[in-house]
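# Requesting a structural model of the entry that follows:
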Amino acid sequence: MTKELFENLSKLATEQRNPHSMNLDTLSTEEILKLINNEDKLIPPAVEKEIPYIAQSVEIVVEAFKNGGRLIYVGAGTSGRLGILDASECPPTFGTQHDMIVGVMAGGRDAVYRAKEGSEDRTDDGEQAMLDMEVNKNDVVCGIAASRRTPYVVAAITKAKELGAKTLYVTTTPRDEFNIDVDVAICPVVGPEVVAGSTRMKSGTAQKLVLNMITTTSMVQLGKLYENMMVDLQMNSQKLEERAKRVVMIVTGLEYEEAMEYLEKAGGHVKTALVMILAEVTAEEARERLKKANGFVREALKNNKT
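Numbers count the residues shown, from 1 in each chain. You can find the predicted model right below:
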């Protein structure tokens with residue numbers, strides 16, 4: 001079994017040696033940096049080719065959110081941390097509930113800070129994680145694994161599908177080598193890493209780009225932005241309070257003090273403040289307009305007085 005695993009691993013695209021970095025250990029600091037940078041330039045085109053599949057994923061995620069479901073990322077190592085990172089950044093950026101987008105990682109919370117490599121092989125843990133999360137038909141579970149084969153992730157995805165959830169998979173393995181039963185696979189092929197097998201590099205960057213695209217586009221489709229401004233952010237830090245004021249000032253042209261006054265009247269809710277100002281209505285009417293518009297500011301501004 002060990003030899004079979006060795007042979008399978010040696011064939012993975014993520015484990016191949018990069019012909020451009022064979023002399024990596026002889027290069028100067030600047031030459032190494034240029035080499036890494038040149039290889040990184042291959043990532044955006046690889047992701048671009050996967051946009052049709054990313055679009056399908058977004059449609060699935062948006063539908064899940066509208067039905068009260070969650071987006072659950074599952075990964076191990078770098079991939080797991082990227083899922084947790086993306087999930088943790090959504091509440092302050094888009095005002096989402098903390099359980100709307102979540103990350104599950106092989107090895108649990110401790111593995112976020114210190115590698116627990118053996119945990120990625122525990123299929124039972126992957127299955128149990130889905131049971132613990134009470135995954136159901138309203139949810140979307142997205143596996144993240146550069147190599148495709150990570151046992152913990154595959155087991156979790158398989159169990160999630162059994163439980164009725166929609167399933168996505170983000171991997172840097174070529175599509176013709178992907179053999180897992182999921183609703184949508186996203187497979188940007190970035191080529192061998194500068195350091196053979198170090199998927200925290202190009203593969204990790206590609207995965208980060210894809211996750212950003214999925215959640216950001218989903219949030220746009222849910223009315224979390226107006227123009228290209230964050231209007232559902234939560235004013236739970238001084239930085240976010242000032243950002244909220246700045247958004248109101250930029251969109252409406254008001255001065256600092258006026259923006260602050262409207263935000264206070266709006267209970268700190270940027271969307272409400274914007275509709276109050278641009279449609280010249282009370283906070284109560286602004287909230288009602290937003291409710292009828294499913295949270296979309298543009299729709300709430302129709303038939304305004306200006």
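
# Sketch out the low-pLDDT regions of the stretch 201-306 of the chain for me.
Along the stretch 201-306 of the chain, the parts satisfying pLDDT under 70 run over 303-306.

# 80 - rerun?
Low-confidence segments of the stretch 201-306 of the chain (pLDDT under 80): 233-236, 303-306.

# For it, just list every one of the strands.
Using DSSP state E, counting those that start in this stretch, the strands of the stretch 201-306 of the chain run over residues 225-226, 229-230.

# any chance of those strands in JSON lines, with distance to residue 146 too?
Where you see a C-beta, it was placed from the backbone N, CA and C, and this is true even at glycine. Output for the strands of the stretch 201-306 of the chain, formatted as JSON lines (distance: least, Cβ to Cβ, whole Å):
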{"stretch": "strand 225-226", "distance to residue 146": "30"}
{"stretch": "strand 229-230", "distance to residue 146": "30"}
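
# now, of those, which is deepest in the fold?
strand 225-226 (a mean of 20; mean count of other Cβ atoms under 10 Å).

# Parallel or antiparallel, which strands does that one pair with?
strand 229-230 (antiparallel) (DSSP bridges).

# Enumerate every residue touching residue 287.
With contact taken as Cβ atoms under 8 Å, 6 or more residues apart in numbering, residue 287 is in contact with residue 272.

# Check which helices and strands the top helix by length along the chain sits against.
Secondary structure of the chain read by DSSP state H shows that its longest helix is helix 202-221. When contacts are defined as 3 or more Cβ pairs under 8 Å, 6 or more residues apart in numbering; DSSP states H and E, helix 202-221 packs onto helix 29-40, helix 43-48, helix 51-66, strand 71-75, helix 77-94, strand 140-144, strand 166-170.

# Report the buried residues of the fifth one.
What it means is helix 77-94. 77-84, 86-87, 90-94 (16 or more other Cβ atoms under 10 Å).

# Let me see the contact set for the residue nearest in space to the middle of the chain.
Residue closest to the mean C-alpha point of the chain, counted by Cα atoms, centre = their mean, is residue 211 at 3.2 Å. Neighbouring residues of residue 211 by Cβ under 8 Å, 6+ apart: 73, 82, 83, 86, 144, 170.

# Tell me, how many residues neighbour the fifth one?
Here the number of neighbours of residue 144 (other Cβ atoms under 10 Å) works out to 30.

# so it makes contact with residue 173?
No - taking contacts as Cβ atoms under 8 Å, residue 144 lies outside contact range of residue 173: 12.0 Å.

# Between these two, which contacts overlap?
The contact sets of residue 144 and residue 173 do not overlap (Cβ under 8 Å, 6+ apart).

# what's the average pLDDT for stretch 145-158?
What stretch 145-158 shows for mean pLDDT is 95.

# Check stretch 168-180 too.
Here stretch 168-180 scores 95 as its mean pLDDT.

# How about residues contacting it?
12-14, 46, 57, 60-61, 79, 140-148, 154, 157-158, 182-190, 199, 202-203, 206-207, 210-211.

# Which among the helices and strands packed on helix 202-221 is found nearest to residue 231?
The closest of those to residue 231 is helix 77-94. By Cβ to Cβ, the value is 9.3 Å.

# the inter-axis angle of the closest one versus strand 71-75?
On the basis of axes from the mean of the first three to the mean of the last three Cα atoms, to 10 degrees, helix 77-94 is oriented at 160 degrees to strand 71-75.

# For helix 77-94, name the packing helices and strands.
strand 71-75, strand 101-105, helix 110-113, strand 140-144, helix 202-221.

# Recalculate using a threshold of 6 Å.
When contacts are defined as 3 or more Cβ pairs under 6 Å, 6 or more residues apart in numbering; DSSP states H and E, helix 77-94 sits against strand 71-75, strand 101-105, helix 202-221.

# if we can go back for a sec, and of the strands of the stretch 201-306 of the chain, who's closest to residue 109?
So among those, strand 229-230 is nearest, using Cβ to Cβ, at 27.9 Å.

# can you pull the contacts of the closest residue to residue 232 other than its chain neighbours?
Nearest residue to residue 232, sequence neighbours excluded (Cβ to Cβ, 6 or more residues apart in numbering): residue 95, at 3.5 Å. Residue 95 makes contact with 232, 233, 234, according to Cβ atoms under 6 Å, 6 or more residues apart in numbering.

# And the protein, split by domain according to the record?
Listed domain ranges for the chain are 9-221, 225-300 (source: automatic domain parsing).

# Just the buried subset of the contacts of stretch 168-180, please.
12-14, 46, 57, 60-61, 79, 140-148, 154, 157-158, 182, 184-190, 199, 202-203, 206-207, 210-211.
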